[in-house]
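S.K.: Need coordinates for the following:
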Amino acid sequence: MTAALRRSTLSLSIPNYRRWFAGQVVSISGNWMQTVAEMWLVVHLTGNGVAVGITAALQFLPILLFGALGGVLADRHDKRRLLMLTQALMAIPALTLAALTVTGATQLWMVYALVLARGTVLAVDNPLRQAFVMEVVGPERVVNAVSLNSVIIHTGRILGPAIAGAVIALAGLGLCFALNAASFGAMLLAVGGMDRDELRPSPRAGRSRGQVREALREVASRPALLGPLAMMAVIGTLSFNFQVLLPLFAKFTWHGSAQTYALLTSAMGIGSVAGALAAGARNRVTPRLLAGSALLFGAAELGAAAAPTLLAQALILAPLGAASVTFAAGVNSSLQLEATGPSRGRVMSLYSVVFLGSTPIGAPIVGWLAQSYGPRAGLVLGAVAALSTGAAATWFLRARMRSRTIERDDEQSDEHLPRLRSRLRRSPAAARADVRHVLRHSGPGAGARARADHASTRPRGGHGAPERARAGSPSGR
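M.R.: Residues are numbered from 1 along each chain as shown. You can find the predicted model right below:
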């Protein structure tokens, strides 16, 4: 194993994290199977881009409305036990949708209701999982663990759609929902089998009023938290809408099937895994990295919008996936490291709100845009949002660097002023030496003139001629 790969997989040396990693791969692959099946079911029932956007919006609407309260629950309770409860509850909508699909009783409103139910549980589960990672690996490995979590998500994005495409073609949509329900068992086994003595639980927050407002005040007062969240709010709303746009590309632009959708999703997932492994090799996240990855994200999304063929778009989706996961993992790691222990769950819930909870705002907009002007228009909107956010962050960083340079120069000037004043108060002979030093360095020929003046003030004698000779020699210029 190379040194870079060892750095990328450092957290896997922890047994509890290995259990977490394996359980998440199975569970998230099942979740992606369900997402592909849901979107394809809605496309099949309606053939309408707005309906697809509404489906995506309903999944994350509870996070927008109640995600911060989910963070409060995560800070107050034992995260491990609460996580086992949410994982068990999320299997219920999947089983119900499987039964409806197999019996042929599915209607659009039923899909909407079950997606909303799953999203309600997700409003607690998502910030809970984000905060629990710190307890599994500790602060010294959290950047690596967050990057590996991105590997998990995007490995699931590759495996889930690929399996879903095959299952839909061979056995229909119902089996996808049933397999997702079964996948939550892997998470229950993984979390339940962890060595509790090796966990590093954060201090629990006590019960009090205004805990969400307290987290908002903390974020607003700290630029290291506010900046990444603001960037994610814009990009999460308008740029991360691939589950809306990719099925529309597959159906209406490339005139394909569920396998075409799975191909596009898998291509993006391959790039995302590569980007996540590269991010895991870093031991820190800088504001410059966030700004640069946002710019690359926007440029790649613009390229995907302009792709002339299915193969070209699939190839461009790979670097787009790498840039998107670098940005998202960077924001996540920044918040994990900057948030204080008792409020980490609430801060990460705000991350979930701006990343996932913004989907109910962005998905219908992008769905309407795709329905009216084609799926390419939705990608162009996301590209403009990412490029604008990256450019604004770059400008802000440069302005802050200039202001810090000015402040540093002012501080240095303040430090030198007392020393300059004391030198001015010295004897006239010392003052004349300072004047000669200034004249010597003030312009061309100044040094020669200063030495000539100095020589003229010396008493005439045996040493005068050699001094004048040196002043006029080439080495004195």
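S.K.: Flag the shaky bits of the stretch 101-250 of the chain, pLDDT-wise.
M.R.: Of all residues in the stretch 101-250 of the chain, those with pLDDT under 70 make up the ranges 154, 157, 206.
S.K.: How much space separates the spatially most central residue of the chain from Ala363?
M.R.: For the chain, the residue nearest the mean C-alpha position is Ala328 (2.0 Å; C-alpha atoms, centre = their mean). With distances taken as C-beta to C-beta, to the nearest Å, Ala328 is found 17 Å from Ala363. Yep, even glycine has a C-beta here, placed from its N, CA and C like the rest.
S.K.: And for Thr265?
M.R.: Shown here: Thr265 relative to Ala363, a distance of 16 Å by C-beta to C-beta.
S.K.: Check Gly174 too.
M.R.: 25 Å.
S.K.: the more surrounded of these two?
M.R.: Ala363 (28 against 21; other C-beta atoms under 10 Å).
S.K.: tell me which element that one falls in.
M.R.: Here Ala363 sits within helix 359-373, counting by DSSP states H and E.
S.K.: and that helix, which residues are buried?
M.R.: 359-367, 369-371 (16 or more other C-beta atoms under 10 Å).
S.K.: what's the distance between it and the middle of its chain?
M.R.: 23 Å (C-alpha atoms, centre = their mean, to the nearest Å).
S.K.: and if you look at stretch 38-50?
M.R.: The answer for stretch 38-50 is 30 Å, by C-alpha atoms, centre = their mean.
S.K.: same deal with stretch 215-225?
M.R.: Mean-position distance between stretch 215-225 and its chain equals 17 Å (C-alpha atoms, centre = their mean).
S.K.: and what of stretch 373-381?
M.R.: On C-alpha atoms, centre = their mean, the centre of stretch 373-381 falls 23 Å from the chain's centre.
S.K.: So what touches it?
M.R.: Contact with stretch 373-381 is made by 49, 238, 241, 244-245, 248-249, 252-253, 301-302, 304-306, 365-367, 369-370, as judged by C-beta atoms under 8 Å, 6 or more residues apart in numbering.
S.K.: Kindly export that stretch (C-alpha atoms) in PDB.
M.R.: In PDB, the C-alpha atoms belonging to stretch 373-381 read as follows (Å, rounded to 0.1, in the frame of the first residue of the first chain):
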ATOM      1  CA  TYR A 373     -36.100  24.700 -21.200                       C
ATOM      2  CA  GLY A 374     -34.600  21.200 -21.000                       C
ATOM      3  CA  PRO A 375     -32.300  19.500 -18.500                       C
ATOM      4  CA  ARG A 376     -29.200  21.300 -19.800                       C
ATOM      5  CA  ALA A 377     -30.700  24.600 -18.400                       C
ATOM      6  CA  GLY A 378     -30.800  23.100 -14.900                       C
ATOM      7  CA  LEU A 379     -27.100  22.200 -15.000                       C
ATOM      8  CA  VAL A 380     -26.200  25.700 -16.400                       C
ATOM      9  CA  LEU A 381     -28.000  27.300 -13.400                       C
END
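S.K.: Within the helices and strands, which one has the residue nearest to the centre of the chain?
M.R.: helix 310-338.
S.K.: repeat for Ile152
M.R.: Ile152 belongs to helix 142-171 when assigned by DSSP H and E.
S.K.: I'd assumed Asn126 was in contact with Ser352.
M.R.: Yes. Counting by C-beta atoms under 8 Å, Ser352 touches Asn126, with 4.6 Å between them.
S.K.: any residues in contact with both of the two?
M.R.: 63, 67, 70.
S.K.: Would you mind measuring from Arg141 to Met33?
M.R.: 30 Å.
S.K.: what do you get for Gly119?
M.R.: From Gly119 to Met33 the distance is 17 Å (C-beta to C-beta).
S.K.: can you check Pro319 too?
M.R.: In terms of C-beta to C-beta, Pro319 sits 25 Å off from Met33.
S.K.: Who has more neighbours out of these two?
M.R.: Ranked by neighbour count (other C-beta under 10 Å), Pro319 and Met33 place Met33 first, with 30 against 19.
S.K.: give me the element that one is part of.
M.R.: Per DSSP H and E: Met33 is located in helix 15-46.
S.K.: Now do the contacts for Val124.
M.R.: 70, 73-74, 82, 86.
S.K.: If any of the shared contacts of Ser352 and Asn126 are buried, put those into a ChimeraX selection.
M.R.: Under the burial definition 16+ other C-beta under 10 Å, those of these that qualify are selected in ChimeraX by:
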select :63,67,70
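S.K.: can you pull the buried residues of stretch 182-199?
M.R.: Applying 16+ other C-beta under 10 Å to stretch 182-199 flags 183-188, 190-191, 194, 199 as buried.
S.K.: Sorry, slip of the keys, the one I care about is stretch 257-276.
M.R.: 258, 260-276.
S.K.: what's the nearest residue to Gly193 once chain neighbours are set aside in contact with, if anything?
M.R.: Distances taken as C-beta to C-beta, 6 or more residues apart in numbering put Arg19 closest to Gly193, at 5.8 Å, once the chain neighbours are dropped. Listed by C-beta under 8 Å, 6+ apart, the contact partners of Arg19 are 190-191, 193-194.
S.K.: so where's the stretch 351-477 of the chain uncertain?
M.R.: Judged by pLDDT under 70, the stretches of the stretch 351-477 of the chain that qualify are 403-477.
S.K.: at 50 instead, please
M.R.: 450, 461-477 (pLDDT under 50).
S.K.: What is the burial count for His226?
M.R.: Quick fix: residue 226 is Leu, not His. Neighbour count for Leu226, taken as other C-beta under 10 Å: 13.
S.K.: follow-up on the earlier one: got the buried residues of stretch 182-199 as TSV, with distance to Ala393 and secondary structure columns?
M.R.: As requested, those are arranged in TSV below (distance: C-beta to C-beta, whole Å; DSSP: H, G, I helix; E, B strand; the rest coil):
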residue	distance to Ala393	secondary structure
Ser183	37	helix
Phe184	38	helix
Gly185	42	helix
Ala186	38	helix
Met187	35	helix
Leu188	40	helix
Ala190	37	helix
Val191	36	helix
Met194	38	coil
Leu199	35	coil
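S.K.: quick check, nearest of those residues to Ala339?
M.R.: Leu199 (18.1 Å; C-beta to C-beta).
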